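# give the three-dimensional model of this entry:
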Amino acid sequence: MFSWALLFLPGCSKEEIVTTEKLEYRKDKNGVVRLYSAGNDDPVGRWKFARVTENYPSGQKKFEIGIVDGLRHGSFFFWQPNGLKKLTGSFEKGKREGTFTSYGRAGEILYQKNYFEDELEGNLSLYYSLTNAEVFRYFEKTREEGLEVGDIPVTSNIRLEATFSKGIPVGPYRTYYHPRGQTGLSREDLLEEEGRFDEKGRLIGNQVCYYPRTGGLIVYLPDDKPLETVHEPNAYGLSKAIDECYLAISEIPAYRNPQNLPAKVYCIDHRGGKIAPVWSSEITELAVRDNRGNILPDRYDPNFESYRDQAVKKAKDVVLSSDLSNNSILPAINGKIPAVEIIALNNKGEIRDILWSSISRKDSLDLEQRILQKRKRIHRSWDAGDATTSVWSISSGLNLIIREDSKDPAIFLPSQL
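Down below sits the predicted model:
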């Protein structure tokens, strides 16, 4: 029987370098798979620490793995043909132990996994690999600046964070969108999905999937076709998009829009996918509603400048007046604390949207906040691995609730357009 203590005896400390020629895996008499040299009854590394290596045809080292008594042991390294790392980690008597790190073509990290006794244990992180174009630009820049491969640091963009115990996922996990060239974004900005596993690896509690971050604003016509111009996701871009929305709807002949459907301004992601509407051409004027529910007589044009410079100013003046009065504390209406609001009206005087509120509410976002607001796409509730309720927020502004009982679906309209 092999004794690991033999490696530390005098005369046994020197390494043995072994190439991959004529190596083979065999089962010993106990059924353990070990590495042997062809024709040799003793496993590789039986009497001294062995290091198995192999090179590329260019002479660049391809990998290096420690072997003791035919089992992988200690640190190992794999390299790419250009000399950059490909995979690193360590083994303990044939079992994965510690951190394993995989690298992409330009040296970016692809994953980091932690092991204990050959099972995933602790943090696990996955990252996005660089695209072909990004890899090309990286090496082109390296050549242009006369640098060695690996001299230019590469950003690794996180894709998944999770925790494992004895090989199963436990606790919270998160996935992230790729930043796609955007700078200054936090992990919260890029959050794609989050949830939680119990100690048995089953989903529990709330699992939320989010839409990507807004990459632009665009006008959609009544036939659900977008215009060509993508506006910046900021106040200036919103102003331009709203103006374009009204111009576009005015140029459509009545026979092409017999139902008189509106054009809408949508937030879209960087791939052009719809996220949510933020404005509609059916809005014909703006007004302020006080905290008693009275709509004040003044009206404002349906554009961003009138909203920002006139309606918001008036609403804040009303809030200040209410705060200074003795009757500023009013009873709740339908379970909601009364608020001063900027409302959007259609040509019949009907309220179509709430664009601003003096009180923050979950069911209503101020107009400027809608541009970059992180929006839920799917919200599921889990109990020991079984989904009990799912809420799908569709890009049209609808929410679809699906309960575990398939006979009890429900669809409802949110307060936003």
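# residue 158: how many residues sit nearby?
For residue 158, the neighbour count with other CB atoms under 10 Å is 17. C-betas here are computed from N, CA, C, even on glycine.
# hang on, it packs against residue 176?
Yes - contact status for residue 158 versus residue 176: in contact at 5.2 Å, counting by CB atoms under 8 Å.
# need the overlap of contacts for the two.
187, 190 (CB atoms under 8 Å, 6 or more residues apart in numbering).
# just say helix, strand or coil for residue 322.
When classified by DSSP: H, G, I helix; E, B strand; the rest coil, residue 322 comes out as helix.
# can you give me the strands in the stretch 301-417 of the chain?
Under the criterion DSSP state E, counting those that start in this stretch, the stretch 301-417 of the chain contains strands at 341-345, 351-357, 376-383, 386-393, 399-403, 410-412.
# list the buried residues for the second one?
What it means is strand 351-357. Residues 352, 353, 354, 355, 356, 357 are the ones in strand 351-357 that count as buried (16 or more other CB atoms under 10 Å).
# now the fourth one
Of the residues in strand 386-393, those buried by neighbour count under the rule 16+ other CB under 10 Å are 390, 391, 392, 393.
# where in this protein is pLDDT low?
Confidence mapping of the chain against pLDDT under 70 gives the ranges 1-13, 323-337, 363, 394-417.
# same list (the buried residues of strand 351-357) but as CSV, adding distance to residue 285.
Below are these laid out as CSV (distance: CB to CB, whole Å):
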residue, distance to residue 285
352, 11
353, 12
354, 14
355, 12
356, 15
357, 18
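# farthest pair within those residues?
Using CB to CB, these span at most 15.1 Å, a distance reached by 352 and 357.
# double-check that residue 143 belongs to a helix.
Yes - counting by three-state DSSP, one finds residue 143 located in a helix.
# how close does it get to residue 130?
17 Å (CB to CB, to the nearest Å).
# residue 80 touches residue 86, doesn't it?
Yes - Residue 80 is within contact range of residue 86, at 5.0 Å (criterion: CB under 8 Å).
# which residues are common contacts for the two?
Joint contacts of residue 80 and residue 86 (CB under 8 Å, 6+ apart) are residue 103.
# identify the bridge partners of the spatially closest residue to residue 199 that is not a sequence neighbour.
Leaving aside its chain neighbours, residue 199 sits nearest to residue 170 (5.7 Å; criterion: CB to CB, 6 or more residues apart in numbering). Note on residue 170: beta-bridge partners by DSSP bridges are residue 163.
# neighbours of residue 170, just the number please.
Neighbour count for residue 170, taken as other CB under 10 Å: 17.
# can you tell me how far it is from residue 124?
11 Å.
# identify the contacts common to these two.
With CB under 8 Å, 6+ apart as the test, residue 170 and residue 124 both reach 163, 164.
# what segments of the chain are helices?
132-144, 187-190, 235-250, 304-306, 312-324, 369-372 (DSSP state H).
# JSON lines please, covering the ones you listed and showing mean neighbour count.
JSON lines is the format used below for the helices of the chain (neighbours: other CB atoms under 10 Å):
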{"stretch": "helix 132-144", "mean neighbour count": "12"}
{"stretch": "helix 187-190", "mean neighbour count": "14"}
{"stretch": "helix 235-250", "mean neighbour count": "18"}
{"stretch": "helix 304-306", "mean neighbour count": "16"}
{"stretch": "helix 312-324", "mean neighbour count": "15"}
{"stretch": "helix 369-372", "mean neighbour count": "17"}
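# can you say which of those helices is nearest to residue 44?
Judged by CB to CB, the one of the helices of the chain that comes nearest to residue 44 is helix 132-144, at 36.3 Å.
# counting by contacts, list what the closest one packs against.
Packing partners of helix 132-144 (3 or more CB pairs under 8 Å, 6 or more residues apart in numbering; DSSP states H and E): none among the helices and strands.
# from the rest of the structure, what touches that helix?
104, 105, 106, 130, 148, 149, 151, 152, 154.
# columns distance to residue 260 and neighbour count on top of those residues, output as CSV?
As requested, the contacts of helix 132-144 are exported to CSV (distance: CB to CB, whole Å; neighbours: other CB atoms under 10 Å):
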residue, distance to residue 260, neighbour count
104, 53, 21
105, 55, 19
106, 54, 21
130, 49, 21
148, 66, 8
149, 63, 15
151, 63, 10
152, 57, 14
154, 54, 17
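# okay, now residue 75: neighbour count?
12.
# show me what it is bridged to.
Under the criterion used here (DSSP bridges), residue 75 is bridged to residue 90.
# also residue 226?
Here residue 226, judged by DSSP bridges, has bridge partners residue 220.
# check residue 115 too.
residue 98, residue 120.
# okay, now it: neighbour count?
22.
# kindly report the same for residue 269.
Neighbours of residue 269 (other CB under 10 Å): 16.
# do the one 4 residues further on as well
Other residues within reach of residue 273 by the criterion other CB under 10 Å amount to 13.
# separation between it and residue 223?
Applying CB to CB to residue 273 and residue 223 gives a distance of 18 Å.
# circling back to that earlier point, out of the buried residues of strand 386-393, flag the one nearest to residue 190.
Nearest member of the buried residues of strand 386-393 to residue 190, counting by CB to CB, is residue 393, at 18.6 Å.
# kindly state the beta-bridge partners for the closest one.
residue 399.
# give the contact list for the most centrally placed residue in the chain.
Central residue of the chain (CA atoms, centre = their mean): residue 176, 2.0 Å from the mean position. By CB under 8 Å, 6+ apart, residue 176 lies in contact with 157, 158, 159, 160, 161, 187, 190, 191, 192.
# what is the neighbour count of the first one?
The burial count assigned to residue 157 is 16, neighbours taken as other CB under 10 Å.
# okay, stretch 70-81 in CSV with CA atoms only?
Output of stretch 70-81 as CSV, limited to C-alpha atoms (Å, rounded to 0.1, in the frame of the first residue of the first chain):
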residue,chain,number,x,y,z
GLY,A,70,-1.3,7.5,-10.2
LEU,A,71,-3.7,10.1,-8.9
ARG,A,72,-3.9,13.8,-9.8
HIS,A,73,-2.5,15.8,-6.9
GLY,A,74,-1.5,19.4,-6.3
SER,A,75,-1.8,22.4,-8.7
PHE,A,76,-2.3,21.9,-12.4
PHE,A,77,-2.2,24.3,-15.3
PHE,A,78,-3.4,24.3,-18.9
TRP,A,79,-2.2,26.9,-21.4
GLN,A,80,-3.5,28.2,-24.8
PRO,A,81,-1.1,28.1,-27.8
